[in-house]
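Chemist: Here is a sequence together with a model predicted from it:
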Amino acid sequence: MSDNGSYKKIVYPEQKENLFVTKEAILSCGRTAIGKTVKELDKYRRLATDGIKGGVGHVIEESLYGYHINSDSEPDFPEAGVELKTTGVVRDRNNIYKAKERLALNIINYMKEVDATFETSSFWHKNRTLMLIIYEYLKNRPNTDFPIVAAELFSYPVEDLYIIRDDWAKIVAKIRAGKAHEISEGDTLYLGACTKGATAEKSLRQQPLSDIKAKQRAYCLKQQYMTYIIRTHVFHEKLGERIVSDVKSLQKKTFEQYVVSRLDAYKGKTVDELKAEFGVTTKPKNLESLLSFRILGIKGNKAEELEKAGVVVKTIRIGKNGKIKENMSFPAFRYRELADETWEDSTFGEYLRDTRFLFIVYKYDSDGKTLRLLGGQFWNIPYSDLEGNVKEVWEETRAIIKEGRLTVNIVKGTLQNNFPKQTDNPVSHVRPHGQTRLGSVNLLPEGTRVNIESSDGSFVWPYEDKFPNHCFWLNNSYILSQLDERFRR
DNA sequence: GCATGATCATGC
DNA sequence: GCATGATCATGC
(Lines give C-alpha, C1' and ligand atoms only; values in the text may rest on other atoms or scores of the structure.)
Protein backbone atom coordinates (compact mmCIF):
# COMPACT_ATOMS: atom_id res chain seq x y z
CA MET A 1 0.00 0.00 0.00
CA SER A 2 2.86 2.41 0.80
CA ASP A 3 4.20 2.32 -2.75
CA ASN A 4 0.79 3.12 -4.16
CA GLY A 5 0.87 6.77 -5.20
CA SER A 6 -2.83 7.31 -5.48
CA TYR A 7 -3.43 5.96 -1.98
CA LYS A 8 -1.89 9.11 -0.50
CA LYS A 9 -4.30 11.33 -2.39
CA ILE A 10 -7.16 10.36 -0.13
CA VAL A 11 -7.69 13.18 2.32
CA TYR A 12 -8.92 11.75 5.58
CA PRO A 13 -10.87 13.74 8.11
CA GLU A 14 -9.66 14.18 11.62
CA GLN A 15 -9.61 10.93 13.55
CA LYS A 16 -12.69 10.41 15.63
CA GLU A 17 -11.82 7.19 17.41
CA ASN A 18 -12.56 8.85 20.71
CA LEU A 19 -16.24 8.88 19.78
CA PHE A 20 -16.26 5.14 20.12
CA VAL A 21 -15.20 4.32 23.64
CA THR A 22 -18.28 2.32 24.54
CA LYS A 23 -19.81 -0.78 23.01
CA GLU A 24 -23.14 1.01 22.71
CA ALA A 25 -21.64 3.81 20.59
CA ILE A 26 -19.90 1.31 18.35
CA LEU A 27 -23.06 -0.70 17.85
CA SER A 28 -25.32 2.25 17.12
CA CYS A 29 -22.86 3.58 14.55
CA GLY A 30 -22.76 0.16 12.89
CA ARG A 31 -26.53 -0.02 12.78
CA THR A 32 -26.72 3.19 10.72
CA ALA A 33 -25.17 1.28 7.84
CA ILE A 34 -27.93 -1.33 7.62
CA GLY A 35 -29.86 -1.08 4.38
CA LYS A 36 -27.20 1.01 2.63
CA THR A 37 -24.98 -0.20 -0.15
CA VAL A 38 -21.20 0.00 0.02
CA LYS A 39 -21.28 2.72 -2.64
CA GLU A 40 -23.55 4.86 -0.50
CA LEU A 41 -21.18 4.48 2.46
CA ASP A 42 -17.93 5.01 0.55
CA LYS A 43 -17.32 8.70 1.31
CA TYR A 44 -13.77 8.72 -0.01
CA ARG A 45 -14.67 6.71 -3.07
CA ARG A 46 -12.04 4.17 -2.11
CA LEU A 47 -13.66 1.51 -4.24
CA ALA A 48 -14.28 3.85 -7.15
CA THR A 49 -10.84 5.41 -7.37
CA ASP A 50 -8.54 3.82 -9.85
CA GLY A 51 -5.50 2.12 -8.37
CA ILE A 52 -6.69 2.08 -4.81
CA LYS A 53 -6.98 -1.34 -3.39
CA GLY A 54 -9.26 -2.33 -0.62
CA GLY A 55 -12.39 -4.16 0.18
CA VAL A 56 -15.66 -3.55 1.86
CA GLY A 57 -13.89 -3.72 5.22
CA HIS A 58 -11.75 -0.73 4.40
CA VAL A 59 -14.81 1.34 3.49
CA ILE A 60 -16.43 0.49 6.80
CA GLU A 61 -13.30 1.44 8.75
CA GLU A 62 -12.69 4.71 6.92
CA SER A 63 -16.12 5.98 6.01
CA LEU A 64 -18.40 4.60 8.70
CA TYR A 65 -16.09 4.71 11.72
CA GLY A 66 -13.58 7.25 10.41
CA TYR A 67 -10.23 5.78 11.29
CA HIS A 68 -7.13 4.78 9.39
CA ILE A 69 -6.43 1.22 8.45
CA ASN A 70 -3.94 -0.42 10.77
CA SER A 71 -2.67 -3.82 11.71
CA ASP A 72 -2.27 -3.21 15.38
CA SER A 73 -2.24 -5.99 17.95
CA GLU A 74 -4.72 -3.94 19.96
CA PRO A 75 -8.43 -4.24 19.14
CA ASP A 76 -9.66 -1.54 16.76
CA PHE A 77 -11.49 0.19 19.64
CA PRO A 78 -9.13 -0.41 22.56
CA GLU A 79 -11.14 1.44 25.23
CA ALA A 80 -14.21 -0.66 24.56
CA GLY A 81 -12.21 -3.79 23.78
CA VAL A 82 -13.99 -4.25 20.47
CA GLU A 83 -12.56 -5.48 17.19
CA LEU A 84 -14.32 -4.36 14.01
CA LYS A 85 -14.94 -7.08 11.42
CA THR A 86 -16.70 -6.83 8.10
CA THR A 87 -17.82 -10.10 6.62
CA GLY A 88 -19.96 -11.41 3.78
CA VAL A 89 -22.98 -13.65 3.62
CA VAL A 90 -24.49 -15.44 0.63
CA ARG A 91 -27.83 -17.18 0.24
CA ASP A 92 -27.85 -20.96 0.26
CA ARG A 93 -30.06 -23.25 -1.81
CA ASN A 94 -32.99 -22.48 0.48
CA ASN A 95 -32.39 -18.74 0.24
CA ILE A 96 -31.10 -18.58 3.82
CA TYR A 97 -27.95 -16.62 4.66
CA LYS A 98 -24.74 -18.49 5.27
CA ALA A 99 -21.20 -17.22 5.82
CA LYS A 100 -19.43 -16.63 2.53
CA GLU A 101 -16.16 -17.73 4.08
CA ARG A 102 -14.24 -18.12 7.31
CA LEU A 103 -13.63 -14.93 9.31
CA ALA A 104 -9.89 -14.29 9.33
CA LEU A 105 -8.56 -12.73 12.54
CA ASN A 106 -5.04 -11.73 13.57
CA ILE A 107 -1.89 -13.34 12.21
CA ILE A 108 -0.24 -15.82 14.55
CA ASN A 109 3.32 -14.98 15.48
CA TYR A 110 4.64 -18.48 16.18
CA MET A 111 7.68 -17.12 18.03
CA LYS A 112 5.49 -15.22 20.52
CA GLU A 113 2.36 -17.33 20.76
CA VAL A 114 4.39 -20.34 21.90
CA ASP A 115 4.79 -18.75 25.35
CA ALA A 116 1.19 -17.57 25.77
CA THR A 117 -1.72 -18.91 27.77
CA PHE A 118 -5.21 -18.61 26.36
CA GLU A 119 -5.77 -15.49 28.47
CA THR A 120 -2.57 -13.82 27.29
CA SER A 121 -2.86 -15.01 23.69
CA SER A 122 -3.05 -12.56 20.82
CA PHE A 123 -6.37 -14.12 19.81
CA TRP A 124 -8.07 -13.42 23.10
CA HIS A 125 -6.46 -10.01 23.51
CA LYS A 126 -7.69 -8.71 20.17
CA ASN A 127 -10.85 -10.63 19.39
CA ARG A 128 -12.74 -10.97 22.64
CA THR A 129 -15.67 -8.91 21.38
CA LEU A 130 -16.40 -8.42 17.69
CA MET A 131 -18.44 -5.73 16.01
CA LEU A 132 -19.74 -7.60 12.99
CA ILE A 133 -20.78 -5.60 9.94
CA ILE A 134 -22.43 -8.03 7.58
CA TYR A 135 -22.91 -7.45 3.89
CA GLU A 136 -24.57 -9.63 1.31
CA TYR A 137 -22.18 -10.77 -1.39
CA LEU A 138 -23.78 -10.65 -4.83
CA LYS A 139 -22.22 -12.78 -7.52
CA ASN A 140 -21.04 -11.03 -10.69
CA ARG A 141 -21.70 -7.59 -9.25
CA PRO A 142 -19.15 -4.96 -8.19
CA ASN A 143 -18.63 -4.86 -4.44
CA THR A 144 -19.98 -1.30 -4.39
CA ASP A 145 -23.43 -2.82 -4.96
CA PHE A 146 -23.30 -5.02 -1.87
CA PRO A 147 -25.92 -4.06 0.75
CA ILE A 148 -25.18 -4.06 4.48
CA VAL A 149 -27.75 -6.46 5.92
CA ALA A 150 -26.87 -6.58 9.62
CA ALA A 151 -24.66 -5.11 12.33
CA GLU A 152 -24.25 -6.84 15.66
CA LEU A 153 -21.87 -7.05 18.59
CA PHE A 154 -20.70 -10.57 19.21
CA SER A 155 -19.05 -12.19 22.19
CA TYR A 156 -18.64 -15.92 22.56
CA PRO A 157 -21.32 -17.85 24.47
CA VAL A 158 -19.79 -19.65 27.44
CA GLU A 159 -20.45 -23.09 25.97
CA ASP A 160 -18.59 -22.09 22.80
CA LEU A 161 -15.71 -20.69 24.76
CA TYR A 162 -14.91 -24.12 26.21
CA ILE A 163 -14.51 -25.48 22.71
CA ILE A 164 -12.60 -22.41 21.50
CA ARG A 165 -10.13 -22.78 24.37
CA ASP A 166 -9.51 -26.40 23.41
CA ASP A 167 -9.09 -25.37 19.78
CA TRP A 168 -6.55 -22.75 20.79
CA ALA A 169 -4.69 -25.29 22.89
CA LYS A 170 -4.49 -27.69 19.93
CA ILE A 171 -3.04 -25.02 17.66
CA VAL A 172 -0.45 -23.95 20.21
CA ALA A 173 0.39 -27.58 21.02
CA LYS A 174 1.53 -28.01 17.41
CA ILE A 175 3.73 -24.92 17.66
CA ARG A 176 5.18 -26.28 20.90
CA ALA A 177 5.85 -29.63 19.26
CA GLY A 178 7.80 -27.97 16.44
CA LYS A 179 5.01 -28.80 14.01
CA ALA A 180 3.68 -25.37 13.08
CA HIS A 181 4.12 -26.42 9.42
CA GLU A 182 1.63 -29.26 9.93
CA ILE A 183 -1.18 -27.12 11.35
CA SER A 184 -4.45 -27.67 9.51
CA GLU A 185 -7.89 -26.15 9.79
CA GLY A 186 -9.31 -29.62 10.20
CA ASP A 187 -7.46 -29.97 13.52
CA THR A 188 -10.02 -27.84 15.33
CA LEU A 189 -13.76 -27.20 15.67
CA TYR A 190 -14.68 -23.50 15.90
CA LEU A 191 -11.41 -21.57 16.06
CA GLY A 192 -9.06 -22.39 13.21
CA ALA A 193 -5.65 -21.39 11.92
CA CYS A 194 -5.97 -20.57 8.22
CA THR A 195 -3.19 -19.71 5.82
CA LYS A 196 -2.80 -16.06 5.07
CA GLY A 197 -0.72 -14.41 2.40
CA ALA A 198 -0.71 -14.14 -1.36
CA THR A 199 0.94 -17.46 -2.09
CA ALA A 200 1.77 -20.07 0.47
CA GLU A 201 5.38 -20.32 -0.65
CA LYS A 202 6.05 -16.62 -0.30
CA SER A 203 4.66 -16.38 3.20
CA LEU A 204 6.81 -18.89 5.05
CA ARG A 205 7.61 -17.99 8.63
CA GLN A 206 10.06 -19.03 11.29
CA GLN A 207 8.79 -21.26 14.12
CA PRO A 208 10.42 -21.62 17.55
CA LEU A 209 11.01 -25.37 17.88
CA SER A 210 11.91 -26.48 14.39
CA ASP A 211 14.07 -25.30 11.52
CA ILE A 212 11.28 -26.04 9.08
CA LYS A 213 9.59 -22.88 7.86
CA ALA A 214 5.82 -22.86 8.34
CA LYS A 215 3.15 -21.15 6.26
CA GLN A 216 1.99 -17.88 7.72
CA ARG A 217 -1.34 -18.44 9.45
CA ALA A 218 -4.03 -16.34 11.08
CA TYR A 219 -6.60 -17.31 13.65
CA CYS A 220 -10.02 -17.59 12.11
CA LEU A 221 -13.57 -18.46 13.01
CA LYS A 222 -14.29 -21.41 10.76
CA GLN A 223 -16.94 -21.01 8.07
CA GLN A 224 -19.53 -23.30 9.63
CA TYR A 225 -19.17 -21.56 12.95
CA MET A 226 -19.66 -18.19 11.26
CA THR A 227 -22.76 -19.49 9.52
CA TYR A 228 -24.17 -20.64 12.81
CA ILE A 229 -23.51 -17.41 14.70
CA ILE A 230 -24.88 -15.34 11.82
CA ARG A 231 -28.07 -17.39 11.76
CA THR A 232 -28.64 -17.61 15.49
CA HIS A 233 -26.95 -14.56 16.98
CA VAL A 234 -27.49 -12.05 14.19
CA PHE A 235 -30.72 -13.23 12.59
CA HIS A 236 -32.09 -14.88 15.74
CA GLU A 237 -32.89 -18.27 14.30
CA LYS A 238 -33.65 -21.02 16.75
CA LEU A 239 -30.76 -23.05 18.14
CA GLY A 240 -30.59 -26.77 17.43
CA GLU A 241 -30.46 -29.73 19.78
CA ARG A 242 -27.31 -29.74 21.87
CA ILE A 243 -25.21 -32.73 22.86
CA VAL A 244 -23.84 -30.95 25.93
CA SER A 245 -26.84 -29.89 27.98
CA ASP A 246 -24.82 -28.68 30.96
CA VAL A 247 -21.56 -26.83 30.31
CA LYS A 248 -20.16 -28.16 33.57
CA SER A 249 -19.57 -31.38 31.65
CA LEU A 250 -16.82 -29.53 29.78
CA GLN A 251 -14.87 -28.49 32.85
CA LYS A 252 -12.95 -31.74 33.07
CA LYS A 253 -13.22 -33.05 29.53
CA THR A 254 -12.85 -31.44 26.15
CA PHE A 255 -15.94 -31.54 23.98
CA GLU A 256 -14.43 -34.32 21.90
CA GLN A 257 -13.53 -36.39 24.96
CA TYR A 258 -17.05 -35.89 26.24
CA VAL A 259 -18.64 -37.13 22.99
CA VAL A 260 -16.32 -40.13 22.85
CA SER A 261 -17.14 -41.01 26.46
CA ARG A 262 -20.89 -40.81 25.78
CA LEU A 263 -20.47 -43.26 22.90
CA ASP A 264 -18.14 -45.46 24.95
CA ALA A 265 -20.87 -45.91 27.54
CA TYR A 266 -22.67 -48.08 24.97
CA LYS A 267 -19.57 -49.93 23.80
CA GLY A 268 -20.26 -53.60 23.07
CA LYS A 269 -24.01 -53.22 22.66
CA THR A 270 -25.45 -54.80 19.56
CA VAL A 271 -27.48 -52.83 17.06
CA ASP A 272 -30.57 -54.80 18.13
CA GLU A 273 -29.97 -53.93 21.78
CA LEU A 274 -29.55 -50.27 20.88
CA LYS A 275 -32.71 -50.33 18.78
CA ALA A 276 -34.67 -51.72 21.72
CA GLU A 277 -33.12 -49.24 24.13
CA PHE A 278 -34.02 -46.23 21.99
CA GLY A 279 -37.37 -47.54 20.78
CA VAL A 280 -36.38 -47.76 17.11
CA THR A 281 -38.59 -50.27 15.31
CA THR A 282 -37.78 -49.61 11.65
CA LYS A 283 -34.60 -50.49 9.80
CA PRO A 284 -33.57 -47.51 7.72
CA LYS A 285 -30.31 -47.54 5.79
CA ASN A 286 -28.88 -44.92 8.12
CA LEU A 287 -29.79 -46.99 11.20
CA GLU A 288 -26.30 -47.00 12.73
CA SER A 289 -25.96 -43.25 12.26
CA LEU A 290 -29.40 -42.67 13.77
CA LEU A 291 -28.55 -44.81 16.80
CA SER A 292 -25.34 -42.85 17.34
CA PHE A 293 -27.32 -39.62 17.54
CA ARG A 294 -29.74 -41.19 20.02
CA ILE A 295 -26.80 -42.19 22.21
CA LEU A 296 -25.67 -38.55 22.15
CA GLY A 297 -29.15 -37.50 23.27
CA ILE A 298 -30.20 -36.11 19.88
CA LYS A 299 -33.70 -36.92 18.63
CA GLY A 300 -33.14 -35.71 15.08
CA ASN A 301 -30.08 -36.07 12.89
CA LYS A 302 -28.38 -32.77 13.64
CA ALA A 303 -26.44 -31.75 16.75
CA GLU A 304 -25.76 -28.07 17.27
CA GLU A 305 -22.12 -28.47 18.27
CA LEU A 306 -21.31 -30.73 15.33
CA GLU A 307 -23.15 -28.48 12.87
CA LYS A 308 -21.32 -25.44 14.19
CA ALA A 309 -17.99 -27.17 13.76
CA GLY A 310 -18.88 -28.62 10.36
CA VAL A 311 -17.99 -32.05 11.76
CA VAL A 312 -18.86 -34.78 9.27
CA VAL A 313 -20.17 -37.96 10.90
CA LYS A 314 -19.19 -41.19 9.15
CA THR A 315 -20.29 -44.68 10.13
CA ILE A 316 -17.61 -47.34 9.78
CA ARG A 317 -18.33 -51.04 9.89
CA ILE A 318 -15.49 -53.47 10.50
CA GLY A 319 -16.08 -56.99 9.19
CA LYS A 320 -15.50 -60.19 11.17
CA ASN A 321 -12.12 -60.47 9.43
CA GLY A 322 -11.04 -57.18 11.02
CA LYS A 323 -11.13 -55.24 7.77
CA ILE A 324 -13.42 -52.41 6.71
CA LYS A 325 -15.72 -53.62 3.97
CA GLU A 326 -16.48 -50.36 2.22
CA ASN A 327 -14.40 -47.47 0.96
CA MET A 328 -15.44 -44.00 2.05
CA SER A 329 -17.20 -41.81 -0.50
CA PHE A 330 -17.42 -38.04 -0.76
CA PRO A 331 -19.65 -35.70 -2.75
CA ALA A 332 -19.40 -36.14 -6.52
CA PHE A 333 -17.10 -33.67 -8.28
CA ARG A 334 -18.04 -31.45 -11.21
CA TYR A 335 -15.79 -32.20 -14.16
CA ARG A 336 -15.45 -28.64 -15.45
CA GLU A 337 -14.91 -27.26 -11.97
CA LEU A 338 -12.20 -29.81 -11.24
CA ALA A 339 -10.45 -29.11 -14.55
CA ASP A 340 -10.26 -25.42 -13.71
CA GLU A 341 -9.06 -25.76 -10.10
CA THR A 342 -5.57 -25.83 -8.67
CA TRP A 343 -4.75 -28.23 -5.86
CA GLU A 344 -4.49 -25.42 -3.33
CA ASP A 345 -8.02 -24.17 -3.98
CA SER A 346 -9.52 -27.51 -4.97
CA THR A 347 -12.91 -28.50 -3.62
CA PHE A 348 -11.73 -31.89 -2.41
CA GLY A 349 -8.41 -30.65 -1.03
CA GLU A 350 -10.10 -27.85 0.91
CA TYR A 351 -12.79 -30.20 2.15
CA LEU A 352 -10.24 -32.62 3.61
CA ARG A 353 -8.00 -29.81 4.82
CA ASP A 354 -10.80 -28.03 6.73
CA THR A 355 -13.01 -30.88 7.90
CA ARG A 356 -12.93 -32.78 11.13
CA PHE A 357 -14.71 -36.12 11.09
CA LEU A 358 -16.43 -38.14 13.75
CA PHE A 359 -16.09 -41.83 13.02
CA ILE A 360 -18.68 -44.06 14.66
CA VAL A 361 -17.16 -47.51 14.61
CA TYR A 362 -19.14 -50.75 14.60
CA LYS A 363 -17.83 -54.30 14.27
CA TYR A 364 -19.37 -57.62 13.21
CA ASP A 365 -19.12 -60.60 15.54
CA SER A 366 -17.51 -63.78 14.27
CA ASP A 367 -20.96 -64.94 13.10
CA GLY A 368 -20.78 -62.15 10.51
CA LYS A 369 -24.27 -60.97 11.39
CA THR A 370 -24.32 -59.38 14.83
CA LEU A 371 -23.15 -55.78 14.67
CA ARG A 372 -21.75 -54.14 17.81
CA LEU A 373 -20.80 -50.58 18.62
CA LEU A 374 -17.09 -50.15 19.33
CA GLY A 375 -17.07 -46.39 19.94
CA GLY A 376 -16.31 -43.04 18.40
CA GLN A 377 -13.19 -41.26 17.18
CA PHE A 378 -12.59 -37.73 15.96
CA TRP A 379 -10.23 -37.54 13.00
CA ASN A 380 -8.84 -35.27 10.34
CA ILE A 381 -6.43 -36.23 7.62
CA PRO A 382 -2.74 -35.93 8.49
CA TYR A 383 -0.90 -33.24 6.58
CA SER A 384 1.54 -35.62 4.89
CA ASP A 385 -1.20 -37.91 3.50
CA LEU A 386 -3.18 -34.97 2.16
CA GLU A 387 -0.26 -33.19 0.54
CA GLY A 388 1.25 -36.47 -0.65
CA ASN A 389 -0.95 -39.30 -1.83
CA VAL A 390 -4.29 -37.47 -2.03
CA LYS A 391 -2.69 -34.63 -3.97
CA GLU A 392 -1.17 -37.12 -6.43
CA VAL A 393 -4.51 -38.79 -7.11
CA TRP A 394 -6.19 -35.42 -7.45
CA GLU A 395 -3.54 -34.11 -9.87
CA GLU A 396 -3.79 -37.21 -12.04
CA THR A 397 -7.59 -37.08 -12.12
CA ARG A 398 -7.56 -33.42 -13.05
CA ALA A 399 -4.96 -34.01 -15.76
CA ILE A 400 -7.04 -36.82 -17.30
CA ILE A 401 -10.04 -34.50 -17.51
CA LYS A 402 -8.21 -31.36 -18.53
CA GLU A 403 -6.09 -33.03 -21.18
CA GLY A 404 -9.04 -34.96 -22.60
CA ARG A 405 -7.42 -38.29 -21.78
CA LEU A 406 -10.48 -39.95 -20.26
CA THR A 407 -11.33 -43.16 -22.05
CA VAL A 408 -14.03 -45.75 -21.40
CA ASN A 409 -14.37 -49.37 -22.42
CA ILE A 410 -17.56 -51.35 -22.27
CA VAL A 411 -17.04 -54.77 -20.77
CA LYS A 412 -20.12 -56.89 -20.20
CA GLY A 413 -22.42 -53.91 -19.76
CA THR A 414 -20.16 -52.00 -17.39
CA LEU A 415 -18.07 -48.96 -18.08
CA GLN A 416 -14.39 -49.22 -17.37
CA ASN A 417 -12.53 -45.94 -17.02
CA ASN A 418 -8.92 -44.86 -16.63
CA PHE A 419 -9.24 -42.75 -13.49
CA PRO A 420 -6.81 -43.62 -10.64
CA LYS A 421 -7.79 -46.99 -9.16
CA GLN A 422 -7.72 -48.26 -5.62
CA THR A 423 -4.68 -50.37 -6.48
CA ASP A 424 -2.82 -47.32 -7.80
CA ASN A 425 -2.59 -45.45 -4.49
CA PRO A 426 -2.62 -46.44 -0.80
CA VAL A 427 -4.87 -43.58 0.30
CA SER A 428 -7.34 -42.47 -2.34
CA HIS A 429 -8.97 -43.38 -5.65
CA VAL A 430 -11.76 -42.33 -8.02
CA ARG A 431 -14.96 -44.27 -8.65
CA PRO A 432 -18.49 -43.68 -9.88
CA HIS A 433 -20.88 -42.06 -7.47
CA GLY A 434 -24.58 -41.65 -7.97
CA GLN A 435 -27.03 -42.85 -10.54
CA THR A 436 -25.59 -44.35 -13.71
CA ARG A 437 -27.65 -44.41 -16.85
CA LEU A 438 -26.31 -47.03 -19.15
CA GLY A 439 -28.94 -46.93 -21.84
CA SER A 440 -26.60 -46.45 -24.77
CA VAL A 441 -23.50 -48.04 -23.28
CA ASN A 442 -23.55 -51.05 -25.49
CA LEU A 443 -23.45 -48.86 -28.56
CA LEU A 444 -20.10 -47.34 -27.62
CA PRO A 445 -16.98 -48.59 -29.36
CA GLU A 446 -14.07 -49.78 -27.22
CA GLY A 447 -11.80 -47.07 -25.90
CA THR A 448 -14.24 -44.24 -26.54
CA ARG A 449 -12.64 -40.99 -25.55
CA VAL A 450 -14.84 -38.71 -23.45
CA ASN A 451 -14.48 -34.95 -23.30
CA ILE A 452 -16.17 -32.09 -21.52
CA GLU A 453 -18.51 -30.69 -24.11
CA SER A 454 -21.76 -29.69 -22.46
CA SER A 455 -22.36 -26.18 -21.19
CA ASP A 456 -22.95 -27.37 -17.62
CA GLY A 457 -19.50 -28.91 -17.49
CA SER A 458 -20.52 -32.56 -17.39
CA PHE A 459 -18.95 -35.11 -19.66
CA VAL A 460 -20.86 -35.97 -22.76
CA TRP A 461 -20.33 -39.04 -24.83
CA PRO A 462 -21.87 -39.99 -28.14
CA TYR A 463 -25.61 -40.65 -28.27
CA GLU A 464 -26.16 -37.67 -25.96
CA ASP A 465 -26.02 -39.55 -22.69
CA LYS A 466 -24.43 -37.97 -19.65
CA PHE A 467 -21.36 -39.68 -18.30
CA PRO A 468 -21.93 -40.92 -14.72
CA ASN A 469 -20.80 -38.78 -11.81
CA HIS A 470 -17.61 -39.76 -10.03
CA CYS A 471 -16.08 -38.81 -6.72
CA PHE A 472 -12.87 -39.20 -4.75
CA TRP A 473 -12.88 -42.05 -2.26
CA LEU A 474 -10.61 -42.83 0.66
CA ASN A 475 -9.43 -46.44 0.58
CA ASN A 476 -10.88 -48.74 3.24
CA SER A 477 -7.39 -50.03 4.09
CA TYR A 478 -6.26 -46.44 4.66
CA ILE A 479 -9.20 -45.62 6.92
CA LEU A 480 -8.47 -48.78 8.92
CA SER A 481 -4.87 -47.65 9.40
CA GLN A 482 -6.14 -44.33 10.76
CA LEU A 483 -8.40 -45.87 13.42
CA ASP A 484 -7.36 -45.86 17.07
CA GLU A 485 -5.50 -48.95 18.18
CA ARG A 486 -8.43 -49.92 20.41
CA PHE A 487 -10.62 -50.46 17.34
CA ARG A 488 -8.11 -52.58 15.46
CA ARG A 489 -7.43 -55.30 18.02
C1' DG B 1 -11.59 -62.04 -0.79
C1' DC B 2 -10.84 -58.08 -3.22
C1' DA B 3 -11.35 -54.46 -6.72
C1' DT B 4 -14.36 -52.06 -9.35
C1' DG B 5 -18.60 -50.54 -11.14
C1' DA B 6 -23.66 -50.14 -10.06
C1' DT B 7 -27.37 -49.06 -7.28
C1' DC B 8 -30.30 -48.11 -3.15
C1' DA B 9 -32.54 -45.10 0.51
C1' DT B 10 -33.13 -40.87 2.39
C1' DG B 11 -33.74 -36.04 2.79
C1' DC B 12 -33.91 -31.63 1.02
C1' DG C 1 -35.63 -34.79 -8.91
C1' DC C 2 -31.29 -35.00 -7.46
C1' DA C 3 -27.32 -35.09 -4.24
C1' DT C 4 -25.37 -37.68 -0.82
C1' DG C 5 -24.06 -41.37 2.19
C1' DA C 6 -24.12 -46.07 2.26
C1' DT C 7 -24.15 -50.54 0.42
C1' DC C 8 -24.73 -54.17 -3.13
C1' DA C 9 -23.17 -57.25 -7.15
C1' DT C 10 -20.04 -59.35 -10.06
C1' DG C 11 -15.91 -61.27 -11.98
C1' DC C 12 -11.31 -62.48 -11.39
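Modeler: Okay, I see it. Numbers count the residues shown, from 1 in each chain, chains lettered A, B, ... in the order given.

Chemist: what about the closest residue to A:F278 other than its chain neighbours, how many neighbours?
Modeler: Counting by Cβ to Cβ, 6 or more residues apart in numbering, A:F278 lies nearest to A:R294, which is 4.1 Å off, once chain neighbours are set aside. (Each C-beta comes from the backbone N, C-alpha and C, glycine too.) Neighbour count of A:R294, defined by other Cβ atoms under 10 Å: 16.

Chemist: what's the answer for A:P142, then?
Modeler: 11.

Chemist: Please list all residues in contact with it.
Modeler: A:L47 (Cβ atoms under 8 Å, 6 or more residues apart in numbering).

Chemist: And the residue of the stretch 1-150 of chain A found nearest DNA strand B, how close does it get to A:R231?
Modeler: Residue nearest to DNA strand B within the stretch 1-150 of chain A: A:N94 (5.7 Å; Cβ to the nearest atom of the strand). Per Cβ to Cβ, to the nearest Å, A:N94 is found 12 Å from A:R231.

Chemist: Check A:V260 too.
Modeler: A:V260 sits at a distance of 28 Å from A:R231 (criterion: Cβ to Cβ).

Chemist: just A:V158 next, same as before
Modeler: 19 Å.

Chemist: can you check A:C471 too?
Modeler: 28 Å.

Chemist: Roughly how far does the residue lying closest to A:T281 once chain neighbours are set aside sit from A:R294?
Modeler: Residue nearest to A:T281 in three dimensions, not counting chain neighbours: A:K275, with 7.4 Å by Cβ to Cβ, 6+ apart. Applying Cβ to Cβ, the value for A:K275 to A:R294 is 9 Å.

Chemist: swap in A:K466?
Modeler: Distance, A:K466 to A:R294, using Cβ to Cβ: 39 Å.

Chemist: again, but for A:I163
Modeler: Distance of A:I163 to A:R294, computed by Cβ to Cβ: 23 Å.

Chemist: So which bits of chain A are right by DNA strand B?
Modeler: For chain A, the residues in contact with DNA strand B (Cβ under 7 Å from any atom of the strand) are A:93-94, A:282, A:284-286, A:301, A:321, A:323, A:327, A:413-417, A:419, A:421-423, A:429, A:431-436, A:438, A:441, A:468, A:477.

Chemist: same thing but 6 Å
Modeler: A:94, A:284-286, A:323, A:327, A:414-417, A:421-423, A:429, A:431-436, A:438, A:468 (Cβ under 6 Å from any atom of the strand).

Chemist: Out of those residues, which sit inside strands?
Modeler: A:414-417, A:429, A:431-432 (DSSP state E).

Chemist: Surely A:I212 and A:H181 touch.
Modeler: Yes. Counting by Cβ atoms under 8 Å, A:I212 does reach A:H181; the two are 5.0 Å apart.

Chemist: Just list whatever residues bridge to A:T448.
Modeler: A:V408 (DSSP bridges).

Chemist: Show me where the stretch 151-300 of chain A dips below the pLDDT cut-off.
Modeler: A:198-202, A:285 (pLDDT under 70).

Chemist: How about the residue of the stretch 101-250 of chain A found nearest DNA strand B, nearest residue that isn't a chain neighbour?
Modeler: Residue nearest to DNA strand B within the stretch 101-250 of chain A (Cβ to the nearest atom of the strand): A:G240, separated by 11.3 Å. Leaving aside its sequence neighbours, A:G240 sits nearest to A:E304 (Cβ to Cβ, 6+ apart; 3.9 Å).
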